[in-house]
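In: Make a model of this:
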Amino acid sequence: MQTSDSTSALAAPERPRGAAEAVPSTVARLSETAAGGVSRVRRHWLVQAVQGWLGADGLRMAAAMSFYAMLSAAPLMVVVVAGLGWWLDKAMVQDQLIAHVTDIMGPRAAELLLQATRSATTPSEGIVASVIAFVVLLSGASGVFVALQDGLKTIWGARAEAKPWWHIAVVRARGVGYLMVLGLLLVVSLVVSAVLSIMANWLNQYLPLASLWRWVNEGVSFALVVALFFGLMRICDGSKPSTRFLWAGAAFAALLFTVGKSLMAAYLSGAAMVSAYGAAGSLVVLLMWMYFSFAILLLGASVAKALAIAKAPAESGDVLSA
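Out: Modelled structure (predicted):
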């Protein structure tokens, strides 16, 4: 009897059944909460946009478009200046566009673009040579838009449709026309910025408005970048997200571009990679800027699609419209 009593005395007291069941249930609830949080993060439109951008190989497509854009940069400049030269002074248009490139990409890229533009405008001898040169110039100027359209269709997962043989020519012509409108907007914006600067200098004598005018200029520049990205997305034919989502994607891309361009300029100004190329360093700078811009543009396009999917009604499976 004593042995039995001592054994029972030494045995550990039993844990209440409710406490024993509470621990696993708490762990299960925490696991479910964590899993739900991870699932919500994965379904977030920004995460979906980045995954779609990377899944479509957006960086590789940006590199390809940068190559086409480098070949098209000087011809595009010539076509835009020549087109706007019917209404405005050609030298003024070219100087204003180069000033805008200098403000964004820096003097090295702007100088390279100016030299390429001057070389492209060298007159050819004979009528036949001039016509051939113009056709080659126009073809080179519009080639980047074909690559851009293919990249946007890949990002959006648009279905490939059979197009007539002249469709590519229409895409190229529409791209050049859009660039001429954009060039006019850039010239107007620079003129407006100059007028605002003169007004700010005059008003600063009476009112301390320097910071206000600086923010106004920044706002105008940001609005132009948004319009640029929206136009480049909208110019793509076929199925695409609706206009409001394109505006949202363009605004997101413009915000990234505005924040990133300062970091990009700081990196390129001191990058050993650029100085290692010597005389070709300006070409590297121009390529890097184009790569950066196209990568952000494609990410903005992916954001537009992700927002369209997130905001689309549950009964509507197709988030792309013509």
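
In: Would you map the helices across the stretch 151-300 of the chain?
Out: Assigned helices in the stretch 151-300 of the chain, in chain order: 167-203, 210-234, 243-270, 272-276, 281-311 (criterion: DSSP state H, counting those that start in this stretch).

In: Could I get the buried residue list for the second one?
Out: Looking back up the chat, that one is helix 210-234. Buried residues in helix 210-234, counted by 16 or more other Cβ atoms under 10 Å: 213, 216-217, 221, 224-233. Every residue, glycine included, has its C-beta placed from N, CA and C.

In: Mind putting those into JSON lines with pLDDT?
Out: Shown next, in JSON lines, are the buried residues of helix 210-234 (pLDDT from 0 to 100):
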{"residue": "Trp213", "pLDDT": "71"}
{"residue": "Val216", "pLDDT": "76"}
{"residue": "Asn217", "pLDDT": "74"}
{"residue": "Ser221", "pLDDT": "80"}
{"residue": "Leu224", "pLDDT": "84"}
{"residue": "Val225", "pLDDT": "86"}
{"residue": "Val226", "pLDDT": "92"}
{"residue": "Ala227", "pLDDT": "88"}
{"residue": "Leu228", "pLDDT": "85"}
{"residue": "Phe229", "pLDDT": "91"}
{"residue": "Phe230", "pLDDT": "92"}
{"residue": "Gly231", "pLDDT": "86"}
{"residue": "Leu232", "pLDDT": "86"}
{"residue": "Met233", "pLDDT": "89"}
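
In: Can you lay out those residues as CSV showing distance to Ala251?
Out: Compiled in CSV, the buried residues of helix 210-234 are given as follows (distance: Cβ to Cβ, whole Å):
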residue, distance to Ala251
Trp213, 23
Val216, 18
Asn217, 18
Ser221, 14
Leu224, 12
Val225, 9
Val226, 5
Ala227, 10
Leu228, 12
Phe229, 8
Phe230, 8
Gly231, 13
Leu232, 14
Met233, 11
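
In: of all those, which comes closest to Val259?
Out: The shortest distance between Val259 and any of those, using Cβ to Cβ, involves Val225 and amounts to 11.4 Å.

In: dump the residue contacts of that closest one.
Out: Taking Cβ atoms under 8 Å, 6 or more residues apart in numbering, we find Val225 in contact with Ala254, Phe257, Thr258.

In: Could you pull out the helices in the stretch 1-150 of the chain for me?
Out: Listed in chain order, the helices of the stretch 1-150 of the chain (DSSP H, counting those that start in this stretch) span residues 2-10, 17-43, 45-55, 58-84, 90-105, 107-120, 127-156.

In: now the longest one: mean pLDDT?
Out: Right, the one you point to is helix 127-156. pLDDT averaged over helix 127-156 equals 73, rounded to a whole number.

In: can you check stretch 88-96 too?
Out: For stretch 88-96, mean pLDDT is 75.

In: cool, stretch 104-119 as well?
Out: 76.

In: Now it - C-alpha only, CSV.
Out: Extracted as CSV, the C-alpha positions of stretch 104-119 are listed here (Å, rounded to 0.1, in the frame of the first residue of the first chain):
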residue,chain,number,x,y,z
ILE,A,104,16.9,64.2,-68.3
MET,A,105,19.9,62.2,-69.6
GLY,A,106,22.7,64.6,-69.1
PRO,A,107,25.1,66.4,-71.6
ARG,A,108,26.9,63.4,-72.9
ALA,A,109,23.8,61.6,-74.2
ALA,A,110,22.5,64.9,-75.6
GLU,A,111,25.7,65.7,-77.4
LEU,A,112,25.8,62.2,-78.9
LEU,A,113,22.2,62.6,-80.1
LEU,A,114,22.9,66.0,-81.5
GLN,A,115,25.9,64.7,-83.5
ALA,A,116,23.9,61.8,-84.8
THR,A,117,21.1,64.1,-85.9
ARG,A,118,23.5,66.4,-87.8
SER,A,119,25.0,63.4,-89.5
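
In: May I see the buried residues of that stretch?
Out: Using 16+ other Cβ under 10 Å as the burial criterion, the residues of stretch 104-119 that qualify are Ile104, Met105, Gly106, Arg108, Ala109, Ala110, Leu112, Leu113, Leu114, Ala116, Thr117.

In: out of those, who's nearest Leu286?
Out: Nearest to Leu286, judged by Cβ to Cβ, of those is Ala109 at 4.4 Å.
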